[in-house]
Structures are given as structure tokens and as C-alpha cells.
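Undergrad: turn this into a structure:
(chains A and B)
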There are 2 protein chains.
Amino acid sequence: MDHESIELLSAVEDHHGGVVLNVEHPMDPLLFSSSLEASISNWSQQGKKGIWINLPIQHSNLVDSAVKAGFRYHHAEPDYLMLVRWMPDSPDTIPANASHRVGVGAFVVNNKKQVLVVQETSGKFKGTGVWKMPTGVVNEGEDICEAAIREVKEETGVDTKFVEVLAFRQSHKSFFQKSDIFFVCMLQPQSFDIQSQASEIVEAQWIPVEDYAAQPFVQENELFDFITKICISKLDGNYTGFSNVHTRTSSGKSTYLYFNNRDASHILASEHEQA
Amino acid sequence: MDHESIELLSAVEDHHGGVVLNVEHPMDPLLFSSSLEASISNWSQQGKKGIWINLPIQHSNLVDSAVKAGFRYHHAEPDYLMLVRWMPDSPDTIPANASHRVGVGAFVVNNKKQVLVVQETSGKFKGTGVWKMPTGVVNEGEDICEAAIREVKEETGVDTKFVEVLAFRQSHKSFFQKSDIFFVCMLQPQSFDIQSQASEIVEAQWIPVEDYAAQPFVQENELFDFITKICISKLDGNYTGFSNVHTRTSSGKSTYLYFNNRDASHILASEHEQA
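TA: Numbers count the residues shown, from 1 in each chain, chains lettered A, B, ... in the order given. As a prediction, the model looks like this:
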């Protein structure tokens, strides 16, 4: 094929001296290969650094061509695969892929000192009679505080208000090679009627905190026992976790900062006086 | 091709009623397609739930066959693509992909109340004269506390001991659709000579904490200013963040729990008495 006749692929510039090629239409793999090759030499002449290919799953017949053209995988979601190639001789500054899944557990107690607990239809506690806190996975783009409120609502029907992150743990190889951060959150109930909608929940109820803490699955596990004691200490007013304040990053993005608000309350107060 | 003559693909069972097919050898895509089809009907008869295909990048010519056989992408790393297909009619319980990148910033102060700061060769503060804390990305499988120590060592040559997470913030769409959690950590220096090895660092030095805090990039940013005040409050003994304790999950995996150790010290003490 004559190089002159090959159409270059159109890509958009990113903010880091590279380009992103969004493949939007079906292409013949051989044609894609030659267009990609010509485009690469064009981008190289322009001094482009990272070249990204966003390849929707319906164009999976083009993956092999991209790999043969020197691209490696960067990340994938159910509906697309992102590939990347670093062009210059300088060290590769391609950002790392997401490495962690984030989970939340919700400690919700009413004014009768009853804790909101659930039994799950699957998982390691299935059929064991164990009553556990509502837990779940934080979605991409979701705030930790919002995820805790959502999980409680889905699993029990109870409306809550976020209070604090009481503690968190990080563990590794929780699925394939990925790591996991789990935030134990305290939430305040705003309603009390239980109505579970989640398919993974068998039953939900309010039980006395002491009954929750007395379960063998809590007492016989160092970590669960310790977390439960932190929760009870919080109930008794003897513990401060990290509460959240809404703020903005330097680029103006909305973000939550989590910190010890009891110790830092004088700082926040002085910030607000200045403002 | 006669169905009888098709070789079934060998896969290993996982702990969730599914199987993982690790593609280890090159295969002809057409042969792979027919073997995969026969294997799928075999797994279906066996009542298998999630079918995973771990496809190394050197076998990228098989991606299209897997997608055509009803698989979707689950995640990808530079050297492999993981695909999955949920077999039963029951709701899909395939675990979510990693959604977050995790970063650390290190607040390191010597006994002259000087803070360890760096200037970077790239990024938004390049060439601005701004002195910032060492920061970096937590690797897959790496503990937050270890990552903070490693980044300080790489960027400045200084050895440190982890003290506490002082605060953390979560932000969204930090790269493509992925979210980001950034932990501000306090570390105690164990050595003081500066020797930067990292290519991304121009210079590193110890500067008075007041000089760090007085920089316009700190003062003019609500978030940076607030974090800096928390750090100074910690230095003055008026703030408690989350320190870490090593423990084990219920499945026996090593894990760190981060919590307010000042408020919970009596709990830990009583746990150790019992032990």
C-alpha cells in the first residue's frame, strides 16, 4: 500500500503532551494497522509523548493490531480497553493504573443503643447466623461518605447521616493482585423502619450493641473485636475518628478532606473567621 | 469441525464456583474459538458461575475470539487482559474492578523544626520555585505506611519512621474516570543527609516550617493551607491522626488497621493483657 494514500487517524491532544485516539467506528484490522503506523510516525515527528488508544469492546478485532504496533494495555472496564505507547526516549511518565478497591462498613446505632445489622445470602458468613454491619464497595466516582449512606439504604431501607470514619484497614491481593482499603464509618440514623431491597441481604434488624459484640465471629477475631470496641468507645463519647469537610483541590475540583475535627476544630474556626 | 474432536480448554477452579482459564501457549484464533465454545458448554453443564480468561498480551490475537464468545473485559495490566463471562441466570456477582489510585504525601520534620521539601522536574509546580512535601503513588500490594517511607527515601535519601496518617482526601476523575485517595502522613526522620536519586526531583532540602507554610501556593489554597495547619498542630502536640497497628484479617492475611491510637490506647492495652 502506498504510504501517501493512507489516511491518518484523528486523535485529540491531552494535557500532558500526548494524544488520545478514540476509536468510534468499525475498521478493517489491516487498514487500522497501516493507518496506525502512519499516524505513529506523524505523532513522533510532532514530538508527542504518550499515545493512548481508547478501544470500545465492539472493536475488539483491533486489539491485536494495536499490540503489534507497540502498544501495551493500560486499563480496561467492561466496555472498553485502554492501550498506551510512550514515544520519547525519556523515562515513561504514564500514570499508574487504579490499584485499589475501596469498601465501607457502616456502624449505625439508634437511641436505644441498638445497632443496625444484616445477614447476607452469600459470602463467607452465609448460613452462619452471623449478624454483621452493612458493607459494600465504593463506586468509581463516589464519595466514601455517600457510599456508606447508599449501602445502608439499599441493605436496610434506613436513611442515615454520615458522622465519621472511625478506622480503616488496607489489605492486599483481595482480588487477583489488587489491594483493598476498607473504611469503618459511623452513621446516624434518620429513619428507623427496616425494608431491605438488596438481593444479597436475607434479613436486617436492630439488635442491642452488646448482642452484636458478643457474637463469636466478633470475639474470636482480633480485628473485628478491636473495631467493635472502637465503635462502642465512640458511642460512649470516648473516641474521635475523621469527619469530613467539603473543600476544593488546587485545580478547583470538589473534594472531601477527612481529619480529626475535634483536635482541628480551632483551625477550621479560624479559617472561617478569615473567610 | 466435529465437536468430538475439539479439545476442551483446561481451567482451574476458583473459590466462588467459577473457573479461571490461564492462556499460556499461543493458539490459532479459530481453534481457540471452537475450543472455547465447547468448554463453555461443558462448564455450563457443570454449573460453573463466573468464567475468567487471563490472557497475556503476547496472545492478543485471541482477544477478539473471547469477546465474540460473550466475554467482557474485567481489568487489564500492562502485560495481560482479564476477561469474564457470568454463566447462570442469577444476578452477576463478579467483583468490581479497582476504582482508586492511592497517593501519599510525607510531612517530615527534624528537631530544628525544619521540614523536608522537594522541587519537581515536572507537574504543575515545575519551574515555580514552590517547595512541596515528597509525594507519590502507592503501588499495588504496598502498604500506605511503607509507600510514604519509600517515597521520602527515593526523593530525598532520608530514612524515616511512619508516625500517623494526619488526614486524607478523596477526589474523582483524577485520571480518566478513576478516583484517587491521598493520605497526608507524618514521618519521623531517622537520618538527615539529603541525596536525591529520583529523576523527577530537581532539589531537596530542609527548610523552616514557617517558610514552608508562608509560601503563596500554601496560603492561597484553602486545602493546602488547612492541611499545613493540621501538620503544625501535630508538631505542637495538639493533634492526633490515625496510627497503624499490624493485625490479621479473618482469613489470616496480614493487614494494617489505622485508627486514633490516643483515644483507643486503653482498648489496645486491654487486648494485650488478655493475649
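Undergrad: using CSV, list the CA coordinates for whichever strand in chain A runs longest.
TA: Counting by DSSP state E, the longest strand found in chain A is strand A:160-175. Taking Å, rounded to 0.1, in the frame of the first residue of the first chain, the C-alpha atoms of strand A:160-175 are listed here in CSV:
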residue,chain,number,x,y,z
THR,A,160,-28.6,7.9,57.6
LYS,A,161,-26.3,10.9,58.0
PHE,A,162,-22.5,10.4,57.8
VAL,A,163,-20.7,11.1,61.1
GLU,A,164,-17.1,9.9,60.9
VAL,A,165,-14.6,7.4,59.6
LEU,A,166,-13.7,5.5,62.8
ALA,A,167,-10.8,3.5,61.4
PHE,A,168,-9.6,1.9,58.1
ARG,A,169,-7.6,-1.1,57.1
GLN,A,170,-5.7,-1.8,54.0
SER,A,171,-5.2,-5.4,52.7
HIS,A,172,-3.6,-6.9,49.7
LYS,A,173,-4.4,-9.4,47.0
SER,A,174,-8.0,-9.1,47.8
PHE,A,175,-8.9,-10.0,44.2
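Undergrad: on contacts alone, who are the packing partners of that strand?
TA: strand A:100-108, helix A:144-156, strand A:178-189, helix A:222-235, strand A:243-248, strand B:254-259 (3 or more CB pairs under 8 Å, 6 or more residues apart in numbering or on different chains; DSSP states H and E). The C-beta positions use only the backbone N, C-alpha and C, and glycine is treated the same way.
Undergrad: all strands of the stretch 1-150 of chain A, in order?
TA: With DSSP state E, counting those that start in this stretch as the criterion, the stretch 1-150 of chain A has strands at A:12-13, A:19-22, A:50-56, A:72-77, A:80-86, A:100-108, A:114-120, A:135-137.
Undergrad: any stretches of the stretch 1-150 of chain A with poor pLDDT?
TA: When residues are selected by pLDDT under 70, those of the stretch 1-150 of chain A lie in A:1-4.
Undergrad: quick one: contacts for the nearest residue to A:Val20 once chain neighbours are set aside?
TA: With sequence-adjacent residues excluded and distances taken as CB to CB, 6 or more residues apart in numbering or on different chains, A:Val20 is closest to A:Trp52, at 4.4 Å. Contacts for A:Trp52 (CB atoms under 8 Å, 6 or more residues apart in numbering or on different chains) come out as A:Asp14, A:Gly18, A:Val19, A:Val20, A:Leu21, A:His74, A:Met82, A:Leu83, A:Val84.
Undergrad: contacts only, for the closest residue to A:Gly103 other than its chain neighbours.
TA: The spatial neighbour of A:Gly103 that comes closest, neighbours along the chain excluded (CB to CB, 6+ apart), is A:Phe182 at 4.4 Å. The neighbours of A:Phe182, taking CB under 8 Å, 6+ apart as the test, are A:Val102, A:Gly103, A:Val104, A:Gly105, A:Thr135, A:Phe168, A:Arg169, A:Gln170, A:Ser171.
Undergrad: quick check: the farthest pair among the residues you listed?
TA: A:Thr135 and A:Gln170 (15.8 Å; CB to CB).
Undergrad: who's more crowded, these two?
TA: Neighbours per residue (other CB atoms under 10 Å in any protein chain shown) separate A:Thr135 from A:Gln170, with A:Gln170 holding more: 22 against 18.
Undergrad: pLDDT value on that one, please?
TA: On pLDDT, A:Gln170 comes in at 95.
Undergrad: I figured it hits B:Ile144, correct?
TA: Yes. Contact criterion CB atoms under 8 Å: A:Gln170 and B:Ile144 qualify, at 5.8 Å.
Undergrad: I appreciate the help and will end here.
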